[in-house]
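Novice: Fold the following.
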Amino acid sequence: MTAPPTPALISRLRAWNWIDADPYGRPLPMLLVAHPPTGHPGESARSIDAAMRGLSRTLGLAPPHTPLPAIGPVLRPRHGSQVRLNVAAIGYGLLATVEPRWLTAATRRGHAVVAAALTPVPPWVMTGALDRKLRPALTSGRIHFGIAELTSSRGHFPPQPREHPPPHDR
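Specialist: Prediction:
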């Protein structure tokens, strides 16, 4: 079951970033977006799963162990060490704080890997603990991935989608 992404979903998402290595050992910037565990009226594990599946489908992400799809120019650097993940279908974007070295690697490559966790992730989980926390989700196909182009051109996006910064930037 999927549900189309909404501005309310985007406003609840959290983002984590880190540098991994591609098969050739080169720096590969990773951006994970996830929903926190239930906490608002009307939310359930099932509704969060459906919303994250809808976001994954809208962005064009694919499950692990399949070729990474190119999802287009959906990342734009903003305000120093921030990047916006644009969800053009709804005219909103998620503003995420990233490490300067992440932004440098993404700019040099021209792209980054975007991942969406279908499994909720508590906002207090530190980047270093994500691997342990999300390993079961990865092995069960509950994290979807895509290669997102980095752009600074306004021409690639609809006119200025509204941004929702996560309450607790990473």
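
Novice: burial count for the closest residue to residue 55 other than its chain neighbours?
Specialist: Excluding the flanking residues, the one nearest residue 55 by CB to CB, 6 or more residues apart in numbering is residue 5, at 4.4 Å. The way it works is simple: take the backbone N, C-alpha and C, and place the C-beta from them, glycine included. A count of nearby residues for residue 5, using other CB atoms under 10 Å, gives 22.

Novice: residues touching residue 143, list them.
Specialist: Listed by CB atoms under 8 Å, 6 or more residues apart in numbering, the contact set of residue 143 reads 32, 63-64, 115-119, 134, 137.

Novice: Strands along the chain, start to end?
Specialist: For the chain, applying DSSP state E gives strands covering 14-21, 27-34, 70-78, 82-87, 92-97, 111-117, 143-150, 162-164.

Novice: any chance of these in CSV, with mean pLDDT and distance to residue 43 too?
Specialist: Converted to CSV, the strands of the chain look like this (pLDDT from 0 to 100; distance: least, CB to CB, whole Å):
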stretch, mean pLDDT, distance to residue 43
strand 14-21, 94, 15
strand 27-34, 96, 14
strand 70-78, 94, 26
strand 82-87, 94, 19
strand 92-97, 93, 18
strand 111-117, 97, 16
strand 143-150, 96, 20
strand 162-164, 50, 17
